[in-house]
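**Student:** here is the input, now give the coordinates:
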Amino acid sequence: MKRILSVAFLLMVFGAKAQDITKGTWYNEEKTSRVQFYENGGKYFGKVVWLKDPLENGKPRTDTKNPDAKLKSTPLMGLIFMKNFKKVGDKKWEDGTIYDPKNGKTYSCIITQVSPTHLDVRGYIGISLIGRTSKFTKAE
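**Tutor:** Below is the predicted model of the structure:
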């Protein structure tokens, strides 16, 4: 009986299907913003839906580091900064990009769902070995 319960527990823990990342919102690693993922035309996107500090000098924070001068006044709230991900399996999204408003640069990106409440978001240049992984956590 113990063996059956142990096997059932292991199957439950390791065999669990991923939850839909489009349900609810996710904190970035620093917990300074929340992201909402959504699907459109078979691709996945992420936008900023909450900022810890939404104002700067009494006005909405904008994308001041954007290399395109016309986009520097774009509000960070509502910014679609993760684009064009393809779902490959239950727990992975690839071939997307992530924009970093802290430096105005865009990187290739892979999202891996480690658990129902934890995403690894890896931004990189060229190959994924050269990059940085940020941990997103479920907010709701």
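
**Student:** use CA for all of it now, contacts and neighbours both
**Tutor:** Noted.

**Student:** what's the longest strand in this structure?
**Tutor:** In the chain, assigned by DSSP state E, the strand with the most residues is strand 105-115.

**Student:** so how far is that strand from its chain's centroid?
**Tutor:** Distance of strand 105-115 from its chain centroid, counting by Cα atoms, centre = their mean, to the nearest Å, is 7 Å.

**Student:** give the other helices and strands that the helix or strand just after it contacts.
**Tutor:** If you walk from strand 105-115 toward the C-terminus, the next helix or strand you reach (DSSP states H and E) is strand 118-124. With contacts defined as 3 or more Cα pairs under 8 Å, 6 or more residues apart in numbering; DSSP states H and E, the secondary structure elements packing on strand 118-124 are strand 105-115, strand 131-138.

**Student:** pull up the pairing partners for the shortest one, direction included.
**Tutor:** According to DSSP bridges, the neighbouring strands of strand 131-138, each with its direction, are strand 26-27 (antiparallel), strand 118-124 (antiparallel).

**Student:** and residue 86, how close does it get to residue 71?
**Tutor:** 26 Å (Cα to Cα, to the nearest Å).

**Student:** ok, these two, which is more surrounded?
**Tutor:** For the pair residue 86 and residue 71, the greater number of neighbours falls to residue 86 (18 against 13), based on other Cα atoms under 10 Å.

**Student:** tell me the SS of that one?
**Tutor:** Reducing the assignment to helix, strand or coil with DSSP: H, G, I helix; E, B strand; the rest coil, the entry for residue 86 is strand.

**Student:** list the contacts of it.
**Tutor:** Taking Cα atoms under 8 Å, 6 or more residues apart in numbering as the definition of contact, the neighbours of residue 86 are 42, 43, 44, 93, 94, 95, 96.

**Student:** 6 Å - rerun?
**Tutor:** Taking Cα atoms under 6 Å, 6 or more residues apart in numbering as the criterion, residue 86 is in contact with 43, 93, 94.

**Student:** can you tell me the helix or strand for the last one?
**Tutor:** Okay, so that is residue 94. Secondary-structure assignment from DSSP H and E places residue 94 in strand 92-100.
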